[in-house]
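In: Here is a sequence with its predicted model. Questions after.
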Amino acid sequence: MFNSQQAWVQSAVARSRLGVWCTLKISNQCKAILGRAHGGTVTDMSVNGEAAVIDHISKSIRRVVDVGANRGEWTHLALKSAPVESCLLFEPSASALSTLRQQFAAEPRVVIVEAAAGDCAGQLSFYEEPGAGMTSTLVAGRSQGTERAVQVTTLDAEIDRLGWPSIDYLKIDAEGYDFHVLRGARRLFQNKRIALGQFEYERAWASSGSTLAYALKWLGDLGYQCFLLKSKKLYSPRPEVYGEYFGYSNYVFCHEETKPLISSLLCGDF
């Protein structure tokens, strides 16, 4: 009886333009709440847990990759916190590249690639904000930046070009293009040449045609587990419960052999 009454109410609301409009507003607010629950809007690495993860595994990382390096904040953190031997940066923004080159001019461990990372090599439109804007992106419609063509490469290609045997930590912050970056490292993942890493999930994923649920499945099929990073702890995500909330949050991944490195940070289901 309850289900039939529920269905009747749903049908009645669906026939009402006002009802649909109100439902949309409520749905948007619910997604915003779920986004804040998963990560909120805190981008400070000392607060959102990014710094805690690097500090926790600092003795185990020698080769790191920073996709979407921007002004180099994460790179500085990795170089300071861990005995890093090599750090590969990907950045297509002209203003951000200028900043990176100035900051790391005297740092022999840093290699800067003047390109975006994606799932195939070529050229794509990049929407670049002035002053190394943090929301410059390859995802159309997500930035007010100036459109220009940039080179795109893949992690598979660049790591092979450099002759790296593996990546100890891969950080991805590609403003909605993160899953494309992951797919461009398929061979590395298949061969377990990436030990640990993280990617950012946010609103622009919807415009790039990506979903968190599929990204987690894709990584899972390649033998990697993903965990929600929240308040310096790691939780098993449940997209089947929360759905695609498209809110800012970070996810950390590992395979079975590297899971012990982060086991003390694990806190069960979210």
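Out: The structure has been received and is ready for your questions. Numbers count the residues shown, from 1 in each chain.

In: Now the helix or strand containing His76: average pLDDT?
Out: Using DSSP states H and E, the element containing His76 is helix 73-81. Mean per-residue pLDDT for helix 73-81: 94.

In: How far off centre is that helix?
Out: Put simply, helix 73-81 sits 17 Å off its chain's centre (C-alpha atoms, centre = their mean, to the nearest Å).

In: Please apply the same query to stretch 13-23.
Out: Chain-centre distance of stretch 13-23: 35 Å, with C-alpha atoms, centre = their mean.

In: Mean confidence (pLDDT) on it, please.
Out: Averaging pLDDT along stretch 13-23 yields 90.

In: Next: stretch 248-260.
Out: Stretch 248-260 carries an average pLDDT of 97.

In: Which residues does it contact?
Out: 35, 38-41, 43, 48-50, 53, 192, 195-203, 212, 216, 219, 223-230, 234, 237, 261-262 (C-beta atoms under 8 Å, 6 or more residues apart in numbering). Yep, even glycine has a C-beta here, placed from its N, CA and C like the rest.

In: so where's this protein uncertain?
Out: Where the chain drops to pLDDT under 70, the residues are 1-2.

In: Got the domain ranges for it?
Out: 1-38, 43-120+150-269 (automatic domain parsing).

In: hang on, Glu128 packs against Ala94?
Out: Yes: using C-beta atoms under 8 Å, Glu128 is in contact with Ala94, at 6.8 Å.

In: These two: which is more packed in?
Out: Using other C-beta atoms under 10 Å as the criterion, Glu128 and Ala94 rank with Glu128 on top: 20 against 15.

In: Could I get the contacting residues of that one?
Out: 92-95, 136, 143, 145-148.
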